[in-house]
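A.B. asks: Structure here, sequence nowhere to be found:
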């Protein structure tokens with residue numbers, strides 16, 4: 001990395017950071033791709049849809065305004081310091097890069113990510129940490145299978161031990177020694193006998209992923225289970241998924257209705273919210289393929305099966 005040698009401890013910290021960062025980015029891409037604001041880019045300019053969904057994901061609320069000079073915009077929002085009896089702001093500040101302007105609340109449309117203004121990131125953050133921790137545990141367990149030993153020696157042989165371990169962990173087929181160091185008398189090798197846990201950790205990891213997908217409102221039943229689910233169990237899962245999805249969809253639909261009414265968008269110019277079915281379709285295809293494989297392997301058995309086919 002960057003052409004400079006990295007200490008082992010520093011490398012571990014870098015991989016830790018990049019692992020968490022990668023998972024955060026993966027689910028941000030997914031979480032900000034669930035909905036499309038039809039005609040939003042048309043009125044506010046190219047990139048408004050992407051920007052607004054990023055704002056809702058990161059901050060939990062946004063605002064639709066009409067600037068006298070710049071026209072319609074979908075921006076970040078900060079409530080002013082005065083609230084009404086229902087704890088809604090009397091005035092808001094619409095912000096973005098190079099833009100900061102105060103508006104009366106009645107002149108804008110407040111856009112909610114959900115009815116508690118909670119950013120999507122905060123809803124799944126703890127699960128992202130679980131994913132990161134599980135992934136790094138898998139790496140540690142895998143490394144323990146590759147190097148299931150503890151090398152012990154005295155202070156005078158530290159450099160020699162490091163060189164030996166570097167060759168060992170680097171898959172060097174032959175490790176050369178030097179008689180003058182008399183390693184036999186100064187070095188002990190202890191087996192750690194680390195158990196193989198990767199298969200169990202992978203199952204746990206995918207269970208955590210399923211939890212995230214459920215919170216995002218994505219149908220994820222059967223993606224990792226190898227047994228069949230009865231109708232009641234799947235319908236229960238569907239109810240929860242639909243509930244979470246509606247928590248995101250309903251306030252966006254409400255915002256569209258208010259924008260159209262306040263600013264007079266009708267017909268082909270009306271702004272609407274649509275579920276990005278391509279994302280859902282891809283995940284459902286994975287689910288259905290797994291169900292079909294199970295049916296082919298097990299044949300007919302008693303019980304009712306769930307399938308989207």
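C.D. replies: Perfect, thanks for sending it. Predicted, not measured: the structure shown is a model, and the values here were computed from it.
A.B. asks: Okay, and the closest residue to residue 67 other than its chain neighbours sits in which element?
C.D. replies: Spatially, and ignoring its direct neighbours in sequence, residue 67 is nearest to residue 73 (6.1 Å; CB to CB, 6 or more residues apart in numbering). To be clear about C-beta, it is placed using only N, CA and C from the backbone, and glycine gets the same treatment. Secondary structure assignment for residue 73, by DSSP states H and E: strand 71-79.
A.B. asks: Can you list the strands that that strand pairs with?
C.D. replies: Partner strands for strand 71-79, per DSSP bridges, with pairing direction: strand 61-67 (antiparallel), strand 91-96 (antiparallel).
A.B. asks: Going by neighbour count, list what's buried in it.
C.D. replies: Residues of strand 71-79 classed as buried by neighbour count (16 or more other CB atoms under 10 Å): 72, 73, 74, 75, 76, 77, 79.
A.B. asks: Equivalent analysis for stretch 39-59, please.
C.D. replies: Within stretch 39-59, judged by 16+ other CB under 10 Å, the buried ones are 39-44, 48-49, 51-59.
A.B. asks: sorry, back to before: now for the strands paired with strand 71-79, which one comes closest to residue 123?
C.D. replies: Closest to residue 123 of the strands paired with strand 71-79, according to CB to CB: strand 61-67, at 14.1 Å.
A.B. asks: Please identify the buried residues of that closest one?
C.D. replies: Neighbour counts over strand 61-67 (16+ other CB under 10 Å) mark 61, 62, 63, 64, 65, 66 as buried.
A.B. asks: of these, closest to residue 242?
C.D. replies: Nearest to residue 242 among the buried residues of strand 61-67: residue 61, at 23.2 Å, using CB to CB.
A.B. asks: who's in contact with the closest one?
C.D. replies: Residues in contact with residue 61, defined by CB atoms under 8 Å, 6 or more residues apart in numbering, are 55, 77, 110, 111, 112, 113, 117.
A.B. asks: So for it, what's the nearest residue that isn't a sequence neighbour?
C.D. replies: Take residue 61 and drop its neighbours on the chain: the residue closest to it by CB to CB, 6+ apart is residue 117, 4.8 Å away.
A.B. asks: what number of residues lie near the one you found?
C.D. replies: If you count neighbours by other CB atoms under 10 Å, residue 117 ends up with 15.
A.B. asks: One more: residue 246?
C.D. replies: Neighbour count of residue 246, defined by other CB under 10 Å: 13.
A.B. asks: Check the one 3 residues further on too.
C.D. replies: Residue neighbour count, defined by other CB under 10 Å, stands at 18 for residue 249.
A.B. asks: mind listing the strands for the stretch 1-150 of the chain?
C.D. replies: 35-38, 61-67, 71-79, 91-96, 99-104, 109-112, 149-153 (DSSP state E, counting those that start in this stretch).
A.B. asks: bridging residues for the closest residue to residue 35 other than its chain neighbours?
C.D. replies: Spatial nearest neighbour of residue 35, chain neighbours left out: residue 273 (5.6 Å); criterion: CB to CB, 6+ apart. Residues in a beta bridge with residue 273, per DSSP bridges, are residue 37.
A.B. asks: just checking, residue 273 touches residue 38?
C.D. replies: Yes - contact criterion CB atoms under 8 Å: residue 273 and residue 38 qualify, at 7.3 Å.
A.B. asks: Tell me which of those two has more neighbours.
C.D. replies: Using other CB under 10 Å, the more surrounded residue of residue 273 and residue 38 is residue 273, with 19 against 15.
A.B. asks: State the distance from the more buried one to residue 261.
C.D. replies: Residue 273 sits 15 Å away from residue 261, going by CB to CB, to the nearest Å.
A.B. asks: on that earlier part again, can you lay out the strands paired with strand 71-79 as a markdown table showing distance to residue 20 and mean pLDDT?
C.D. replies: A markdown table is the format used below for the strands paired with strand 71-79 (distance: least, CB to CB, whole Å; pLDDT from 0 to 100):
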| stretch | distance to residue 20 | mean pLDDT |
| --- | --- | --- |
| strand 61-67 | 25 | 98 |
| strand 91-96 | 28 | 97 |
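A.B. asks: I'd like the ones you listed written out as CSV, with distance to residue 267 added.
C.D. replies: Formatted as CSV, these follow (distance: least, CB to CB, whole Å):
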stretch, distance to residue 267
strand 61-67, 19
strand 91-96, 27
